[in-house]
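In: Sharing a sequence plus its predicted fold:
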Amino acid sequence: MRIIFTVLLCTFLSSCQLTSSEPTQYLTVLHTNDNHGRFWHNEDGEYGMAARKTLIDKLRSQAQQQGHAVLLLSGGDINTGIPESDLQFAEPDFKGMSLLGYDAMAIGNHEFDNPLDVLDKQQNWSNFPLLSANILHAKDNSHAYQPYTIINKQGLSIAVVGLTTTDTAKIANPEYLGDLIFVEPSKILTSVVKSIRANHAVDAVIAVTHMGHFHNAEHGINAPGDVTLARNLAPNTIDMIIGGHSQEPVCVTERGQADKDFAPGKSCIPDQQNGIWIMQAHEWGKYVGKAEFKIKDGKKSLISYELIPVNLKDDKGQYINGYIEPDQKLEAFLQPYQTFGEQKLKGSVGYVDNYLDGKRSTVRFTQSKLAALIIKAQMAAVNADFGLISGGGIRHSIKAGDVSYKDILKVHPFKNRITVMQWKGNELLDYLNTVTRFPPDSGAYMQYYGLSFDLVNGQLTNVMINGEALDINAQYRMSINSYNAAGGDGYPNITQLAGFKSTSITDAQVLKDYLEKHSPINVGLL
């Protein structure tokens, strides 16, 4: 009786307000990262943007029918990896992403593999923003790129803030960075989110990052990544991190350990640190990540999560989860780009009699026969006594048999120019005391040819150039690519020294010319 009376009374008294919670809302976040030029499917028909579009259109439609707001985000690194894309500055990739309906992406370190005007052009090709809050102009600390975007869908207002690894300053080509600086992410994210909340009523804040996921924040020689970022933030600063850069499926066990048993088609639990969900979808569009959230009274709860394979095959050559038919309109749009690239790259330029290993697990840990071939070619181009490069600059292996220009561009996608440095022996010794100390498992790990040395207990001894002891009064010519010469991977910047000279020929062109002239290559003699 008392309840009925109260309700009736409130009907007549305008000042009486019944307490009621806000309506439940739902958000589906779809995500990919580290595209690296894979706009087209591979030789086995796996992944590719056209099949990705079919899957995303289906997922988006299903979510919208359930009343969900839907976002499609990318963790960045659209550039570099497939010659057909590299030759066209990833135009098919960015335009393809626009047709897929991406809402935003983080700017990755490989977005700086080309001059800055190319990145400007890529933004113009895109109907979505390329975000990074922690890339600033050194002259005035202003944002060099759009720091965030506000997206309104299905009654939800969602802020998406971009972040880029600070390692970009050393692993991107220094020639292309201009006055850009890459500042510590957590402080600027906190500042940007504070500004967002002061000016916008947002229901959720998402950090879309290209920083890498390192379990338990064990980032080693890399710049700190998403786990460190999450742990450094005050509670309720952001709700989730959609990441990239480390190129892994971020899946953990129920105890939060790395899920080493994850495989395509299996369930995946995303990482959670400091109340923040962290998600990453491996690489190349192999998966589309799908996270469903319930938002009730300001609280975000993860309902479900999965990494959905895009036409990946199992060991028996069968498609996992069935075949996804590529979207015909997008495939037709991308086909001319693929055809153009194929025409540019077809034909053999040389022959090698054995496999040349360019795997990351080789070239960043030990001396490689492929590196020896690369450096010999560069030495020959500038008549050098010895040469060196960082192992991280080698991006692919070469199979035994005929070698195409496409094979070479997979190894050398960065268009680095060949340079030469004339050293006096004592200056060279100082330089070697730095570059020989880069540790294994780093992109800086030094590959060399025509040079030998001992490094024992931190002491560099027994330095030999072409089998003869280094003479501190003699002159030596060293070949090195423009990236390392300009300070890339943390190498000393030698471009302003008196003995430095650059050429206009690229590493890919030099290797192509060498193979054409010296094939067949006997790998055993390298």
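Out: Looks like it came in fine. Worth saying up front: this structure is predicted, and the values here are computed from it rather than measured. Numbering: from 1, shown residues only.
In: can we go C-alpha only for contacts and neighbour counts from here?
Out: Noted.
In: Output the helix or strand hosting Ile278 as PDB, restricted to C-alpha atoms.
Out: Ile278 is part of strand 276-279, with elements assigned from DSSP states H and E. Extracted in PDB, the C-alpha atoms of strand 276-279 (Å, rounded to 0.1, in the frame of the first residue of the first chain):
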ATOM      1  CA  ILE A 276      42.300  -2.400 -18.900                       C
ATOM      2  CA  TRP A 277      41.800  -5.000 -21.600                       C
ATOM      3  CA  ILE A 278      44.700  -5.300 -24.100                       C
ATOM      4  CA  MET A 279      44.000  -6.900 -27.500                       C
END
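In: After that strand, which helix or strand is next?
Out: By DSSP H and E, the next helix or strand past strand 276-279 is strand 287-296.
In: I'd like to know which elements the helix or strand following that following strand is packed against.
Out: Downstream of strand 287-296, the first helix or strand assigned by DSSP H and E is strand 299-309. Counting contacts by 3 or more Cα pairs under 8 Å, 6 or more residues apart in numbering; DSSP states H and E, strand 299-309 packs against strand 287-296.
In: Just the residues contacting the strand it packs on, thanks.
Out: Strand 287-296 has contacts (Cα atoms under 8 Å, 6 or more residues apart in numbering) with 22-32, 47, 52, 56, 279-281, 300-310.
In: same check, this time on stretch 211-222
Out: 163-167, 223-228, 243-247, 250, 257-258, 280, 442.
In: who touches Ile303 in this structure?
Out: Counting by Cα under 8 Å, 6+ apart, Ile303 has contacts 291-294.
In: Could you single out the nearest of those residues to Val463?
Out: Of all these, Val463 sits closest to Ala291, with 55.5 Å by Cα to Cα.
In: Would you show me how to pick out the buried ones of the contacts of strand 287-296 in PyMOL?
Out: The buried subset of these, as determined by 16 or more other Cα atoms under 10 Å, is captured in PyMOL by this line:
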select buried, resi 25+26+27+28+29+30+31+32+47+52+56+279+280+281+300+305+306+307+308+309+310
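In: just to revisit the earlier point, within the sheet, what are the partner strands of the strand holding Ile278, with directions?
Out: strand 240-242 (parallel), strand 271-273 (antiparallel) (DSSP bridges).
In: Which residue, other than its chain neighbours, is closest to Asn522?
Out: In this structure, Asn522 finds its nearest non-sequential neighbour in Asp353, 5.7 Å apart by Cα to Cα, 6 or more residues apart in numbering.
In: actually Val118, not the one I wrote
Out: Nearest to Val118 is Phe89, by Cα to Cα, 6+ apart, at 7.4 Å.
In: Just to check, that neighbour is in contact with Gly81?
Out: No - using Cα atoms under 8 Å, Phe89 makes no contact with Gly81, being 11.0 Å away.
In: Could I get the contacting residues of the closest residue to His518 other than its chain neighbours?
Out: In space, and not counting its chain neighbours, His518 is closest to Gly350: 8.0 Å by Cα to Cα, 6+ apart. By Cα under 8 Å, 6+ apart, the contact list for Gly350 reads 402-404, 512, 515-516, 518-520.
In: Kindly write the PyMOL command that selects the buried subset of these.
Out: Selection command for PyMOL covering only the buried members of the contacts of Gly350, criterion 16+ other Cα under 10 Å:
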select buried, resi 402+403+404+512+515+516
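In: Just the ones of the contacts of Gly350 in helices?
Out: Taking DSSP state H, the ones among the contacts of Gly350 that sit in helices are 512, 515-516, 518.
In: With pLDDT and distance to Leu409 added, can I get those residues in JSON lines?
Out: Formatted as JSON lines, the ones in helices among the contacts of Gly350 follow (pLDDT from 0 to 100; distance: Cα to Cα, whole Å):
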{"residue": "Lys512", "pLDDT": "95", "distance to Leu409": "9"}
{"residue": "Leu515", "pLDDT": "97", "distance to Leu409": "13"}
{"residue": "Glu516", "pLDDT": "96", "distance to Leu409": "15"}
{"residue": "His518", "pLDDT": "97", "distance to Leu409": "18"}
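In: if we can go back for a sec, so how far is Ser519 from the residue nearest to His518?
Out: 5 Å (Cα to Cα, to the nearest Å).
In: again with Phe112
Out: Taken as Cα to Cα, the span from Phe112 to Ser519 is 34 Å.
In: Quick check: Leu307 touching Cys268?
Out: Yes - Leu307 is in contact with Cys268 according to Cα under 8 Å; the separation is 6.7 Å.
In: At which residues are the strands of the stretch 351-500 of the chain located?
Out: Taking DSSP state E, counting those that start in this stretch as the criterion, the stretch 351-500 of the chain carries its strands at 386-390, 401-404, 417-424, 446-449, 451-456, 459-465, 468-469, 475-481, 500-506.
In: Is it possible to get JSON lines of those strands that adds mean pLDDT?
Out: Shown next, in JSON lines, are these (pLDDT from 0 to 100):
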{"stretch": "strand 386-390", "mean pLDDT": "97"}
{"stretch": "strand 401-404", "mean pLDDT": "96"}
{"stretch": "strand 417-424", "mean pLDDT": "96"}
{"stretch": "strand 446-449", "mean pLDDT": "98"}
{"stretch": "strand 451-456", "mean pLDDT": "94"}
{"stretch": "strand 459-465", "mean pLDDT": "95"}
{"stretch": "strand 468-469", "mean pLDDT": "96"}
{"stretch": "strand 475-481", "mean pLDDT": "97"}
{"stretch": "strand 500-506", "mean pLDDT": "93"}
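In: Check what pLDDT Gly81 gets.
Out: On pLDDT, Gly81 comes in at 89.
In: For it, grab the count of nearby residues.
Out: Other residues near Gly81 number 25, with proximity taken as other Cα atoms under 10 Å.
In: Also Leu130?
Out: By other Cα under 10 Å, the residues close to Leu130 number 24.
In: cool, Gln273 as well?
Out: Close neighbours of Gln273, defined as other Cα under 10 Å, add up to 17.
In: Leaving out the residues flanking it, which one is nearest to it?
Out: Take Gln273 and drop its neighbours on the chain: the residue closest to it by Cα to Cα, 6+ apart is Ala230, 5.9 Å away.
In: Helix or strand for that neighbour, just tell me which one.
Out: Per DSSP H and E: helix 226-232 holds Ala230.
In: Can you name every helix or strand that that helix contacts?
Out: helix 185-199, strand 271-273, strand 276-279.
In: Turn those into TSV, columns for distance to Phe438.
Out: Shown next, in TSV, are the helices and strands packed on helix 226-232 (distance: least, Cα to Cα, whole Å):
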stretch	distance to Phe438
helix 185-199	26
strand 271-273	31
strand 276-279	31
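In: closest one to Ala144 among those?
Out: helix 185-199 (13.5 Å).
In: and that closest one, how far from the chain's centre?
Out: 24 Å (Cα atoms, centre = their mean, to the nearest Å).
In: Just give the number of residues close to Gly467.
Out: A count of nearby residues for Gly467, using other Cα under 10 Å, gives 10.
In: I meant to write Asn457 there.
Out: Asn457 has 6 neighbouring residues, counting by other Cα under 10 Å.
In: And the one 5 residues further on, by the same measure?
Out: Residues lying near Asn462 (other Cα under 10 Å) number 13.
In: repeat for Val202
Out: Val202, neighbours per other Cα under 10 Å, totals 17.
In: quick one: low-confidence parts of the stretch 251-400 of the chain?
Out: Within the stretch 251-400 of the chain, not a single segment meets pLDDT under 70.
In: Just the terminal-to-terminal distance for stretch 250-266.
Out: Start-to-end, stretch 250-266 (Cα to Cα) is 13 Å.
In: Other residues contacting that stretch?
Out: Contact with stretch 250-266 is made by 213, 215, 268-272, 278-282, 307-309, 312, 320-321, as judged by Cα under 8 Å, 6+ apart.
In: Pull out the buried positions in it.
Out: Per 16+ other Cα under 10 Å, stretch 250-266 contains these buried residues: 250-252, 258-259, 262, 264.
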